[in-house]
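Colleague: I would like to see how this sequence folds:
(2 chains)
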Amino acid sequence: MRRAVAVWVLSGLSACARPDPGGAAERAVPAGQEDRTALEAPVTPVPAPIVADARRVELGRALFFDTVLSADRTVACATCHAPPTGVDGNRATALPGREPGPINVPTLLNVGLNRRHSWTGRFDTLEEMTTAAMGAKHAMDTEWTTAADQVAEDPARVAAFAAAYPDGVTDDTVRDAVVQFLRTLVTVDAPFDRYLRGEAGALTAEALSGWELFSEYGCVSCHQGVNVGGNMFQRFGVLEDYFAGRSPTRADLGRENVTGLPEDRHVFRVPPLRNVELTAPYFHDGSAESLEQAIEVMARVQLGRTIRVPEIRKLAAFLRSLTGKSPWP
Amino acid sequence: MAVTPGRLAGLAAVLAVAAVLATVDSLRRWPDGAEHDAYARNLRQLQSLHHRLNDLVLRSSAGLTGSYDGLVATVDDIAAANARAAAPPAFLREPARGEILEFLASARASTERQAALVERFKTGNAVLRNSVRYFPTVAAESEREIEAGSAELAPEVRGLRFDVLRAVANPWQEGTLDRITARAEMLRASPAAGPAVLLTVRHASVVAERTREVGRYTRELLGLPARQHVAAMEARYTDAFGRALARGDLDKLVVALLVLASFSAAAVAVILRVKQARDDLEVTRAKLEEALALKNRFVSMTSHEFRTPLSVILSSAEMLETYAERWEHARRGEHLRRIQKHARALTELLDGLLLIGRTDAGHREFRPGPVDLDAVVAEVVEGQRPRAAGRVELEVKASGVGHPLMLDARLLRHILDNLVSNGIKYTREGGKVSVGVAWERGRAEIVVEDSGLGIPRADLERLFQSFHRGGNVQGIPGTGLGLTIVKRAVTEHGGGISVESEAGKGTRFRVTLPAEEAA
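Modeller: Here you go, the predicted structure:
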């Protein structure tokens, strides 16, 4: 009798285990594998998005695909930032009825994880970035006020907004709905993230070698953080001049367009590399058609060396392991 | 200024209003707990954010943290905390508010510099760490290259490699960095240097340059005064908060004192009012007692005054009944006259009482008609002559008014009867009572003068009060109503009466009555 009670008590005590430090329920940590998700690590896995209000996200999602946000009702966010990549080709060529965009279109996947937005890092918040996109002539060519008015023409939308926001349809709530939706566009469970969480066999041997090279070649010095980039600025061409032999376009000036300082010429936001497999072409001018090409250019201008094909392939394999699950509903 | 309940109540009200105003003012200035908590917490967080930022900068520069996410988040958090600090709680007033916002402005200026430095730091540090990470790979390649061909460079290249290792381990050693720069220059100039060696040299130079650069940024970041400004803000704010609390305590004391004073004034007002009411009650009681005493005196006096003539009437009537047939005519007549006389006296007394009673009840008793003043005076005096006979001399000074005047004959008779009978009553043997009458346009004047006892000065005030009898009339019977009746009659007639008297010498009553000529 006493033994049974002891067993019962002990099993009860063991059930009061410490909470899982990593948090993700789907993570399996086999014995012997270590959890590499320390905050000091250069790259951390993508966390699952926290949805504060599902109604607001749904409103944003609907607006994202709706041309109502543009002044002439021909362009939606999704026209350029289309699923599954969040970016559709090189829209440096124009949309019908619009001027050409100045620069390669960045993906909206994991955009909420970036600390600075757009190639020049001009925007600190998603609110600022979306506002600029609304105002851009090559994009929506409108303002939030006009968009809100157009949204408010639909009574169903007005009712939906009234249910989700105390203020109903206003500039701020329309913008907020879009931003809330964008925050949910995260790609979780990339093979590399599962590797970081300690899952055995998440990475192929080639990709693992690629990760080692990525670290040893120092790529991880700039392409770091939860989004493998997107949180700092760097010159495009540290050891070699990428822009040698060409007259720089306005887009080439990079952050000099923002700060006006000559030392910021050719300085860009370090692009985030998650899902990079999906977002060809590469660089601000879309000049690299393939990952391998981009890797070669980066090695040349940032490291000052030509790296060999086997290394390029390993690095490419690693970069492909950064592709997570599609967030598009 | 006399202290009255009304004034005290007013004072209490003023103090109460002052207390309310003081409370409202105090509440306005009282720190809101939630606002204070939020603001104080924000300032503390701001300080720890600056600590955290410096900590992360150091870690990044030492390669202890591979990601800048934390550093960027801290920069953004500091900006947000600064924005929150720009809205201090409402209780904060000048000059503390101005000082704190000034500190904040300095902190913000420093924070802007901090944010710019952090960006430059990240850029420079990334390049540094890039070359540091890559260096082993490229150094191994240069080793292979040297062994393959340019062995003479080996000592320099190896020296360079070790110096880079030293620089990474000991970034503060300027000497190491100088040596790297010097060696790099030399190797670059050397014709034997192959591509691997040159790349190694390039990265070694990057390490040296960027170590210096990152060192500069780090030193400047760590030396920024932002943290001190925030600490000053917190100190000043804590001080202001403490003062506001202390001020609140003082305010509470002031309000309590005002409330106490108000209550005290109100209490004193109530006490005074109660005392006043009691005093009034006392006065009323005394008056009531006096009235009761007067009533008792009246009852006893009147019953005596009524009983005397009534008993005479009764005795005469009884005697007439018994002896009328046996008595002679003259004696019968005498008793009959006695009965009439006393009945008349009773009637007059009753009439006088009625006059007092009815005028007390507010009835108007003035009914003027054409009256021959002299005739009435003569009539009254003749009626009183028996009373004066042998003792006191009676004299009449006629008015010489030849025509009738508008007078109330009844009232006139009351006046004259009482004044003259008083004069006779209170004059010793051998004295004189004179009645003078005069008439001037619209005004009749009657003067009744005697050389009697006079009225003591002390009694003159209360002369016309009911039942009042002078202090010097012991032994002389009287109702004490006579002059009351006179006064009532005079008042009803719309006239006035005055008296002059000297004790032992005599008294003069002067009555004036409005009297128009009768048409």
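
Colleague: going forward, measure contacts between C-alpha atoms and count neighbours the same way
Modeller: Will do.

Colleague: the helices in chain A, which residues?
Modeller: Counting by DSSP state H, chain A has helices at residues A:2-15, A:54-64, A:77-80, A:126-135, A:144-151, A:155-164, A:171-183, A:191-196, A:205-216, A:256-259, A:291-298, A:309-320.

Colleague: CA-only coordinates of the fifth one, as CSV, when you get a sec.
Modeller: Extracted C-alpha coordinates of helix A:144-151, given in CSV (Å, rounded to 0.1, in the frame of the first residue of the first chain):
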residue,chain,number,x,y,z
TRP,A,144,-4.2,55.7,-46.8
THR,A,145,-7.0,58.3,-46.6
THR,A,146,-8.0,57.7,-50.2
ALA,A,147,-7.7,53.9,-49.7
ALA,A,148,-9.8,54.1,-46.5
ASP,A,149,-12.5,56.0,-48.3
GLN,A,150,-12.5,53.4,-51.1
VAL,A,151,-12.6,50.6,-48.5
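
Colleague: list the contacts of that helix.
Modeller: With contact meaning CA atoms under 8 Å, 6 or more residues apart in numbering or on different chains, helix A:144-151 is reached by A:68-71, A:131, A:134, A:157-158, A:169-172, A:174-175.

Colleague: how close does the closest residue in space to B:V401 that isn't next to it in sequence sit to chain A?
Modeller: Spatially, and ignoring its direct neighbours in sequence, B:V401 is nearest to B:W439 (6.5 Å; CA to CA, 6 or more residues apart in numbering or on different chains). Distance of B:W439 to chain A, given as CA to the nearest CA, to the nearest Å: 102 Å.

Colleague: picking up where we left off before, how about the contacts of helix A:144-151 in CSV, adding distance to chain B?
Modeller: As requested, the contacts of helix A:144-151 are arranged in CSV below (distance: CA to the nearest CA, whole Å):
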residue, distance to chain B
A:V68, 33
A:L69, 30
A:S70, 31
A:A71, 33
A:T131, 19
A:M134, 24
A:R157, 33
A:V158, 32
A:V169, 27
A:T170, 24
A:D171, 22
A:D172, 19
A:V174, 23
A:R175, 20
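
Colleague: for chain B, give me its nearest residue in the stretch 51-200 of chain A.
Modeller: A:R115 (7.1 Å; CA to the nearest CA).

Colleague: quick one: residues contacting the closest residue in space to that residue that isn't next to it in sequence.
Modeller: Spatial nearest neighbour of A:R115, excluding adjacent residues (CA to CA, 6+ apart): A:N231 at 4.9 Å. Applying CA under 8 Å, 6+ apart, we find A:N231 in contact with A:N114, A:R115, A:R116, A:G225, A:R269, A:V270, B:Y68, B:D69, B:V72.

Colleague: and the last one, what element?
Modeller: In this structure, B:V72 is located in helix B:69-85 according to DSSP states H and E.

Colleague: does any part of whatever helix or strand comes next after that helix sit near chain A?
Modeller: Next in sequence after helix B:69-85, counting helices and strands by DSSP H and E, comes helix B:96-148. Yes - applying CA under 8 Å from any CA of the partner chain, one finds helix B:96-148 touching chain A at B:E119, B:K122, B:T123, B:A126, B:V127, B:R129, B:N130, B:S131, B:V132, B:R133, B:Y134, B:T137.

Colleague: nearest to B:R307, out of the residues you listed: which one, please.
Modeller: Nearest to B:R307 among the residues of helix B:96-148 next to chain A is B:E119, at 130.7 Å by CA to CA.

Colleague: what's the helix or strand for B:G159?
Modeller: According to DSSP H and E, B:G159 maps onto helix B:154-169.

Colleague: CA atoms only for the next helix or strand after that helix - export them in PDB, please.
Modeller: Following the chain from helix B:154-169 toward its C-terminal end, the next helix or strand by DSSP H and E is helix B:174-189. Output in PDB follows, covering the C-alpha atoms of helix B:174-189 (Å, rounded to 0.1, in the frame of the first residue of the first chain):
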ATOM      1  CA  GLU B 174      48.100  49.400 -30.600                       C
ATOM      2  CA  GLY B 175      51.600  48.000 -31.200                       C
ATOM      3  CA  THR B 176      50.200  44.800 -32.700                       C
ATOM      4  CA  LEU B 177      48.000  46.700 -35.000                       C
ATOM      5  CA  ASP B 178      50.800  48.900 -36.100                       C
ATOM      6  CA  ARG B 179      52.900  45.900 -36.800                       C
ATOM      7  CA  ILE B 180      50.200  44.300 -38.900                       C
ATOM      8  CA  THR B 181      49.900  47.500 -40.900                       C
ATOM      9  CA  ALA B 182      53.600  47.700 -41.500                       C
ATOM     10  CA  ARG B 183      54.000  44.100 -42.400                       C
ATOM     11  CA  ALA B 184      51.100  44.300 -44.700                       C
ATOM     12  CA  GLU B 185      52.600  47.200 -46.600                       C
ATOM     13  CA  MET B 186      55.900  45.400 -46.900                       C
ATOM     14  CA  LEU B 187      54.300  42.200 -48.200                       C
ATOM     15  CA  ARG B 188      52.100  44.000 -50.600                       C
ATOM     16  CA  ALA B 189      55.200  45.600 -52.100                       C
END
